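# only geometry, no sequence info:
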């Protein structure tokens, strides 16, 4: 079955919940929503997944935050859909993409919560008819096709204290679907050294978990890495000048 | 409309009868439980709409059975010719819900009421009693015509595609299609009452960041009427389709389309600006809470709560149901910490050490 079909993604969503629950016996992660998604996404041969919103609670302080917060929640929004007419050997099939992370930190002293937002953007623009607009000529700033960017809508109008908030830099990063997005959050925010989260080591080691993550990488990352690795490939989207323009800039 | 209740009680039935008959539509017939077989026959022949059983029938001299025995016989012996009758347990024990739990696994009763609660909140229980009778009569029609069960939920067309397929499958199974008690119990206790697909008023207000005391709360509620649940048991439980509310929010506030990402004050400002509701007030957090990104309510005090400040209730739920949380104040008044999950129990103990 095609790895980009909703059908195979629905099956992975279902299996993913089962494998996480096998190890997360304390129900640390509220991922039941993925079951709902797996049962309600359209039964089609390409990928069409509306925004999935998952919230992670971190009830311990993590190292090196300023100010020191004693609990965090991470709200993740991820959406992805593909264009079935694209030839995935030479084109990026992703049509709509969203990875948006809003982190809210809570302090002990009754101060207002503090916010941090990151989003992973796809720098592809469409006109009103949905036609791709090709950006011609040199761009003012470096715009890798997929890039991580600090900030975003959630931070508008917040008091920033003494901190300067900038839209730059845009850091190249391959896109992540829901499996890779959750994996990203677990790996970055949950220390498997903590007793409460030590089950994560067993989870990462589980063959079913590895297989689901591997399929996600196959969809989302391998063509991207191929594009980074070879300078003279024939992929229209995944080529160095689009993925990592800095590498080509003179 | 008249609703007939057959009330089997070993003690003096008069105060319960008068509590029930405060509602003119409820007609109560009393039966003395002296003889088991006579009681069964009475249930079979009375043509009643609902059976009300006192828990302890055996306090009376000569009676050697209690309500579960009688209910069990009615539910099982007549499996081929079932008596599809709602059975409500009533008891003078105040903690009825605790020992009622022991009997829910036996699949016997539709509801349990303590005598004190009935007398103190008679109107609420009159509505619930009538609601279960109406649910049974609707389900009798569905079963009699071999119709599918799903339409009794009156799911709005808009939400049909997003409806959990597992519920659809379950309602389609013969277990529920052929057994009115099971179908009614599933719809009431797994769909209507728990927060999840449907939410009640407290959680609706919490998720919109609005205080229930607000002058304009009822106006806002009426704006949400199209997402109100109108299926089975909606006469006794006021509920909204959450996915409908969520989509509505996205449509009125496309810039800030996630209800989860907004604080109570931010949501109230948006609502005030769009609907001109000057008397809408934001919900406020209790003094021990850090967050006002409210998403749920305290399981005990029903105050708005962000799960980050909550302690998760130790209970299992279906995938379409939300987890329940206690506020720290509620945890401190729990009889036992086993009522919260092990991980939050450790958190609570650490917190109280500080």
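Arrived safely. Here the structure is a predicted model, which means the values were calculated and not measured.

# ok, how many other residues are close to residue 131?
No chain in the question, so chain A it is. Neighbour count for residue A:131, taken as other CB atoms under 10 Å in any protein chain shown: 9. (C-beta placed from N, C-alpha, C; glycine too.)

# sorry, should have said chain B
Residue B:131 has 20 neighbours, counted by other CB under 10 Å.

# who are the neighbours in contact with it?
When contacts are counted by CB atoms under 8 Å, 6 or more residues apart in numbering or on different chains, residue B:131 touches B:233, B:235-236.

# hmm, try it at 10 Å
Remark: with contacts taken as CB atoms under 10 Å, 6 or more residues apart in numbering or on different chains, residue B:131 is in contact with B:86, B:111, B:188, B:192, B:232-237.

# before we move on, what about residue A:220?
Neighbouring residues of residue A:220 by CB under 10 Å, 6+ apart: A:3, A:80, A:94, A:146, A:174-177, A:179-181.

# Among those, which pair sits farthest apart?
Looking at the contacts of residue A:220 by CB to CB, the two members farthest from one another are A:3 and A:146, with 18.5 Å of separation.

# Neighbour count for the two, which is higher?
Set side by side, residue A:3 and residue A:146 show unequal neighbour counts under other CB under 10 Å, the larger going to residue A:146 at 26 against 14.

# how about the helices in chain A?
For chain A, the helices defined by DSSP state H occupy A:6-23, A:33-40, A:178-189, A:199-205, A:207-220, A:222-229, A:240-243, A:245-248.

# likewise the stretch 151-300 of chain B?
When assigned using DSSP state H, counting those that start in this stretch, the helices of the stretch 151-300 of chain B occupy the ranges B:157-160, B:165-172, B:174-177, B:180-186, B:201-208, B:217-223, B:242-252, B:264-275.

# And the closest residue to residue A:170 other than its chain neighbours, how far from chain B?
Excluding the flanking residues, the one nearest residue A:170 by CB to CB, 6 or more residues apart in numbering or on different chains is residue A:147, at 3.8 Å. As defined by CB to the nearest CB, to the nearest Å, residue A:147 lies at a distance of 22 Å from chain B.

# and the residue of the stretch 51-200 of chain B found nearest chain A, what does it touch?
Chain A sits closest to residue B:165 of the stretch 51-200 of chain B, with a gap of 4.1 Å, by CB to the nearest CB. Residue B:165 makes contacts with A:35-36, A:38-40, as judged by CB under 10 Å, 6+ apart.

# coming back round to it: export the helices of the stretch 151-300 of chain B to a markdown table and tack on mean pLDDT?
As requested, these are exported to a markdown table (pLDDT from 0 to 100):
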| stretch | mean pLDDT |
| --- | --- |
| helix B:157-160 | 82 |
| helix B:165-172 | 88 |
| helix B:174-177 | 90 |
| helix B:180-186 | 94 |
| helix B:201-208 | 98 |
| helix B:217-223 | 97 |
| helix B:242-252 | 95 |
| helix B:264-275 | 96 |
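
# now, of those helices, which is deepest in the fold?
Per-residue neighbour counts averaged over each of these give the maximum for helix B:201-208, namely a mean of 22 (mean count of other CB atoms under 10 Å in any protein chain shown).

# Which stretches in the chain count as strands?
Unless you meant another one, I'm taking chain A. Chain-ordered strands for chain A, with DSSP state E as the definition, fall at A:48-58, A:71-82, A:94-106, A:114-122, A:125-126, A:132-133, A:146-150, A:171-172.

# that's the wrong chain, I wanted chain B
When secondary structure is read from DSSP E, chain B shows strands at B:3-8, B:26-31, B:50-54, B:87-91, B:111-114, B:198-199, B:240-241, B:296-297, B:304-305, B:311-312, B:325-326.

# ok, now how distant is the residue of chain A most remote from its centre from chain B?
In chain A, residue A:109 marks the outermost C-alpha relative to the chain mean, sitting 32.4 Å out by CA atoms, centre = their mean. From residue A:109 across to chain B, the span is 10 Å (CB to the nearest CB).

# List the residues that contact that residue.
The contact partners of residue A:109, taken as CB under 10 Å, 6+ apart, are A:67, A:70, B:290.

# mind putting these in JSON lines, pLDDT included?
JSON lines is the format used below for the contacts of residue A:109 (pLDDT from 0 to 100):
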{"residue": "A:67", "pLDDT": "84"}
{"residue": "A:70", "pLDDT": "86"}
{"residue": "B:290", "pLDDT": "92"}
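
# Can you turn the buried part of the residues you listed into a PyMOL selection?
Restricted to the buried members of the contacts of residue A:109, where burial is judged by 16 or more other CB atoms under 10 Å in any protein chain shown, the PyMOL selection command reads as follows:
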select buried, (chain A and resi 70) or (chain B and resi 290)
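
# Same list, the contacts of residue A:109, but as a markdown table with distance to residue B:256 please.
As requested, those are exported to a markdown table (distance: CB to CB, whole Å):
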| residue | distance to residue B:256 |
| --- | --- |
| A:67 | 25 |
| A:70 | 27 |
| B:290 | 21 |
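
# of the contacts of residue A:109, closest to residue B:14?
Checking the contacts of residue A:109 against residue B:14 with CB to CB, the nearest one is residue B:290 at 53.2 Å.

# Mind listing the residues bridging to the nearest residue to that closest one once chain neighbours are set aside?
Of all residues beyond its chain neighbours, the one nearest residue B:290 is residue A:106 (4.0 Å), with distances taken as CB to CB, 6+ apart. In this structure, residue A:106 has beta-bridge partners residue A:71, where bridges are defined by DSSP bridges.

# thinking again about what came up before, return the most buried member of the strands of chain B.
strand B:304-305 comes out most buried of the strands of chain B by mean count of other CB under 10 Å, with a mean of 30.

# Pull up the pairing partners for it, direction included.
If you go by DSSP bridges, strand B:304-305 pairs up with strand B:296-297 (antiparallel).

# neighbouring contacts of the strand it pairs with?
The list of residues contacting strand B:296-297 from outside it, by CB under 10 Å, 6+ apart, reads B:195, B:199-203, B:205-207, B:283, B:303-307, B:310, B:322-325, B:327.

# which residues does residue 92 contact?
Going with chain A. Residue A:92 makes contact with A:82-83, A:86, A:122, A:124, A:145-146, A:175, A:223-224, A:227, A:235-238, A:242-243, according to CB under 10 Å, 6+ apart.

# To clarify, I was referring to chain B.
The contact partners of residue B:92, taken as CB under 10 Å, 6+ apart, are B:11, B:16, B:54-56, B:59, B:114-116.

# if you set the cut-off to 7 Å instead, what comes out?
Under the criterion of CB atoms under 7 Å, 6 or more residues apart in numbering or on different chains, the contact partners of residue B:92 comprise residue B:115.

# so where's the chain shaky on pLDDT?
Just going to use chain A. Applying pLDDT under 70 to chain A picks out residues A:1, A:130, A:134-140, A:152-162, A:249-250.

# think we crossed wires, I meant chain B
Screening chain B residue by residue with the criterion pLDDT under 70, one finds the ranges B:60, B:77-81, B:94-106, B:354.

# Get me the contact residues on it for chain A.
For chain B, the residues in contact with chain A (CB under 7 Å from any CB of the partner chain) are B:161-162, B:164-166, B:258, B:260-261, B:290-291, B:293, B:307-308, B:319-320, B:323, B:341-343, B:347.

# So what's the residue count around residue B:85?
Using other CB under 10 Å, residue B:85 is surrounded by 21 other residues.

# Touching, it and residue B:51? I think so.
Yes. With contact defined as CB atoms under 7 Å, residue B:85 counts as touching residue B:51 (5.4 Å).

# ChimeraX command to pick out the buried ones of the contacts of residue A:92?
Buried residues within these, as defined by 16+ other CB under 10 Å, are selected in ChimeraX through the command that follows:
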select /A:82,86,122,124,145,146,175,223,224,227,235,237,238,242,243
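
# out of the helices of the stretch 151-300 of chain B, which comes closest to residue B:107?
Among the helices of the stretch 151-300 of chain B, the nearest to residue B:107 by CB to CB is helix B:180-186 (7.0 Å).

# For chain B, give the helix that spans the most residues.
In chain B, taking DSSP H as the definition, the longest helix is helix B:122-144.
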